[in-house]
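Participant: Build me a structure from this.
(4 chains)
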2 protein chains.
Amino acid sequence: MPTIKDVAREAGVSVATVSYVLNNKQALVSESTRQSVLEAIKRVGYVPSVVGRGLQANKSHLIGYAWHPITYGQVNPVLDQFTYFMAHAAEEAGYHLLTFTCPLDNPVPVYEDLITTRRVDAFVLSGTRQDDPRIAYLLERRFPFVSFGRSNPEWQFSYVDVDARAGVREAVKYLVDLGHRRIAFVGWPEGSLSGDWRLQGYLDGMREFDLPVPASYVQRGVQSDVTGRQALCRWWELPPEQRPTAVITVTDLIAIGVMKQAAAFGLVLPRDLSIIGFDNAPLVEHFTPALTTFEQPIPEIGHILVELVERMVRGDQPEHLQVLVKPRLLMRESCAPPRQS
Amino acid sequence: MPTIKDVAREAGVSVATVSYVLNNKQALVSESTRQSVLEAIKRVGYVPSVVGRGLQANKSHLIGYAWHPITYGQVNPVLDQFTYFMAHAAEEAGYHLLTFTCPLDNPVPVYEDLITTRRVDAFVLSGTRQDDPRIAYLLERRFPFVSFGRSNPEWQFSYVDVDARAGVREAVKYLVDLGHRRIAFVGWPEGSLSGDWRLQGYLDGMREFDLPVPASYVQRGVQSDVTGRQALCRWWELPPEQRPTAVITVTDLIAIGVMKQAAAFGLVLPRDLSIIGFDNAPLVEHFTPALTTFEQPIPEIGHILVELVERMVRGDQPEHLQVLVKPRLLMRESCAPPRQS
DNA sequence: CTGTTAGCGCTTTCAC
DNA sequence: GTGAAAGCGCTAACAG
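Facilitator: Down below sits the predicted model:
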């Protein structure tokens, strides 16, 4: 593998000169030597070592992104797309993506290790939480990072997030426009940041249209189809005229649970119940009826995140930009006007 | 960020000595200095720079793994799990995973770039094909790699693959044991390596049980639910007594297509048709009926791949080990005895 | 314009 | 046992 020395020898110049042409120091090298160096580079097949450059600049040109443990068989519906587009964006900016694993409890030591070994120049976080220890740590250490998702409002840092609140509010409007008035919601347990925004959007929408929200209309549960099934069971204990005619769920898997229970009750969808999910998980379009759900603009988000983080690394100015992107409602077949208006 | 020099100064020794204790050169340093160096390391909070070490050893301690844009033939349903477990295994071996993107046509320049810039020490390939240009290139360049999936039999390299042939053969047996005799198959277009192995397993099984395979019983098409729908339409053009009572598909998405078309025909599953998929894609357990399908032991595969590649990098011996792991049939609800035996 | 030189953080001969 | 010094591949002052 040729080094800069080989090129220098081949071109009959010093390594400094080669370095100059490599780094486009226009003023520092005459056009003729420039050309001969370029030719020498081509002749010996030289490509600069990113390691050598990294040592010099104290940079690794690597962006760290953590994969949190997956309960086997469980899905993070967008993780793979997200990684793909982030890697792509990173490469366009001259970086690469380092994917690492990290325990959910006590994640900080892993981040610390990556920093102290100079493995990465910055991090992209996702799955942020209230009082997220990673953010607290990185902020205190002044290490560059951006996150996909918000955290404590009083913390100053750059993030990109999906404006799920606005999205779900519009989902309510969509259902209202179809004629629904009894609209219910299934969320995650309290404390999930993104889950709470989605719920908030539901409450916003209901208030906006002066629709009542009986306590039973907001059900909560863990990430499982069972949560959806249980929610529907609760509602079907109500007298028929109090049952919701439409449901919005915090995520597709729970929506599917609702659909399964609806089938078990002999309901015909979407005639007897309209359902809206969130995330557009793989395959949800193939359920019957095809699930109406929200798609997050993952390619765009990945792009923005990398751009932000790259600017932090390069500029070293502690910017803190906040970007909210709108999710898009994919209107498929799981919503219809209510049976009896 | 403290360097080895800081430690040396703190401990009142030379950098060489610090390096010795860092690398556990037992014979080279007395126990007492060893201790004082260790203390100094702790006091200044020193962690060796992986970049500095890398430059010295001409190693990056990074394993490259490409994310291809989504296509058929790919292990896409399990890509995220795969990445997670590989990253995990890599970290246990002192490596990290570099995920990069790569066009399906003309992938070689991307690999070449990663090699010439000394970005990675080795690659893990997946989605291998017949005459795979990446394998040809890496083999010729003698660059360390292992692959998830086979390629040309005459090429000597290490791989791990799922023994889909044996798996699907057993799926046939499972259906035969249920009483089926008219079993059909839907595959990918010819030339997909993994698709062809799965088809071969079907043919093996059918021959083993002396079951006829009329030409129409093997349908092919791209990675889409439409392929499954079309296949069922073909079969339902046959007289009822010639229609298959069970179908094995090369992948879950196509199985779902079959299920959707079956529903459109008013069939009751699994009473009127048994279906087996492959890959255990997310959510397939939530379809009605829950899809019986094959699960690949992804954690195990990731682990073996990393172990193989790590041995190559370390040892530099050109091993070529071949590992086949069995997929596991997840018997759910989409198979039943045929209606009229 | 070009070359010499120091140095990034580390390992490893080779003297002492 | 320990340290001085060279060198991994590269960049950037500084001299000329």
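Participant: So which residues on the stretch 51-200 of chain A come close to DNA strand D?
Facilitator: With CB under 7 Å from any atom of the strand as the criterion, the stretch 51-200 of chain A comes near DNA strand D at residues A:51-53, A:55-57. Backbone N, C-alpha and C define where each C-beta goes, glycine included.
Participant: can you pull out the helices in the stretch 101-250 of chain A?
Facilitator: In the stretch 101-250 of chain A, the segments counted as helices under DSSP state H, counting those that start in this stretch are A:108-116, A:133-141, A:164-178, A:193-208, A:225-236.
Participant: Select, out of the ones you listed, the one closest to chain B.
Facilitator: The closest of the helices of the stretch 101-250 of chain A to chain B is helix A:108-116. By CB to the nearest CB, the value is 3.7 Å.
Participant: quick one: average pLDDT of the closest one?
Facilitator: For helix A:108-116, mean pLDDT rounds to 97.
Participant: a markdown table please, covering the helices of the stretch 101-250 of chain A and showing mean neighbour count and distance to DNA strand C.
Facilitator: A markdown table is the format used below for the helices of the stretch 101-250 of chain A (neighbours: other CB atoms under 10 Å in any protein chain shown; distance: least, CB to the nearest atom of the strand, whole Å):
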| stretch | mean neighbour count | distance to DNA strand C |
| --- | --- | --- |
| helix A:108-116 | 17 | 9 |
| helix A:133-141 | 16 | 17 |
| helix A:164-178 | 21 | 43 |
| helix A:193-208 | 20 | 37 |
| helix A:225-236 | 20 | 49 |
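Participant: Tell me which of those lies nearest to residue B:308.
Facilitator: helix A:108-116 (24.9 Å; CB to CB).
Participant: Is any residue of the closest one near chain B?
Facilitator: Yes. In terms of CB under 8 Å from any CB of the partner chain, part of helix A:108-116 sits within range of chain B, namely A:113, A:116.
Participant: Now the closest residue to DNA strand D within the stretch 101-250 of chain A. Nearest residue, chain neighbours left out?
Facilitator: Of all residues in the stretch 101-250 of chain A, residue A:118 sits closest to DNA strand D, at 13.0 Å by CB to the nearest atom of the strand. Using CB to CB, 6 or more residues apart in numbering or on different chains and skipping residues adjacent in sequence, the residue nearest residue A:118 is residue B:49, 4.6 Å away.
Participant: Can you tell me the number of residues neighbouring that neighbour?
Facilitator: By other CB atoms under 10 Å in any protein chain shown, the residues close to residue B:49 number 20.
Participant: can I assume it is in contact with residue A:117?
Facilitator: Yes. With contact defined as CB atoms under 8 Å, residue B:49 and residue A:117 form a contacting pair (6.4 Å).
Participant: rewinding a little: nearest to residue B:152, out of the helices of the stretch 101-250 of chain A?
Facilitator: In terms of CB to CB, the element of those nearest to residue B:152 is helix A:108-116, at 38.6 Å.
Participant: what angle do that closest one and helix A:133-141 make?
Facilitator: 40 degrees (axes from the mean of the first three to the mean of the last three CA atoms, to 10 degrees).
Participant: So, low pLDDT: which residues of the stretch 51-200 of chain A?
Facilitator: A:70-77 (pLDDT under 70).
Participant: Can you give me the distance of residue A:43 to DNA strand C?
Facilitator: Residue A:43 sits 17 Å away from DNA strand C, taking CB to the nearest atom of the strand, to the nearest Å as the criterion.
Participant: the strands in the stretch 51-200 of chain A, which residues?
Facilitator: For the stretch 51-200 of chain A, strands defined by DSSP state E, counting those that start in this stretch occupy the ranges A:62-67, A:96-101, A:122-126, A:145-148, A:159-162, A:183-187.
Participant: Compare these and report which one is nearest to residue A:11.
Facilitator: Set against residue A:11 and scored by CB to CB, the strands of the stretch 51-200 of chain A come closest in strand A:96-101, at 29.5 Å.
Participant: Just the C-alpha atoms of that closest one, please, in PDB.
Facilitator: Taking Å, rounded to 0.1, in the frame of the first residue of the first chain, the C-alpha atoms of strand A:96-101 are listed here in PDB:
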ATOM      1  CA  HIS A  96     -18.600   7.000   8.200                       C
ATOM      2  CA  LEU A  97     -21.100   5.600  10.600                       C
ATOM      3  CA  LEU A  98     -19.900   3.500  13.500                       C
ATOM      4  CA  THR A  99     -22.800   1.400  14.900                       C
ATOM      5  CA  PHE A 100     -22.300   0.200  18.400                       C
ATOM      6  CA  THR A 101     -24.400  -1.600  21.000                       C
END
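Participant: For it, name the packing helices and strands.
Facilitator: Using 3 or more CB pairs under 8 Å, 6 or more residues apart in numbering or on different chains; DSSP states H and E, the elements in contact with strand A:96-101 are strand A:62-67, helix A:79-92, helix A:108-116, helix B:79-92, strand B:96-101.
Participant: Quick one: neighbours of the nearest residue to residue A:263 once chain neighbours are set aside, just the number.
Facilitator: Spatial nearest neighbour of residue A:263, excluding adjacent residues (CB to CB, 6+ apart): residue B:288 at 6.6 Å. Residue B:288 is flanked by 16 other residues according to other CB under 10 Å.
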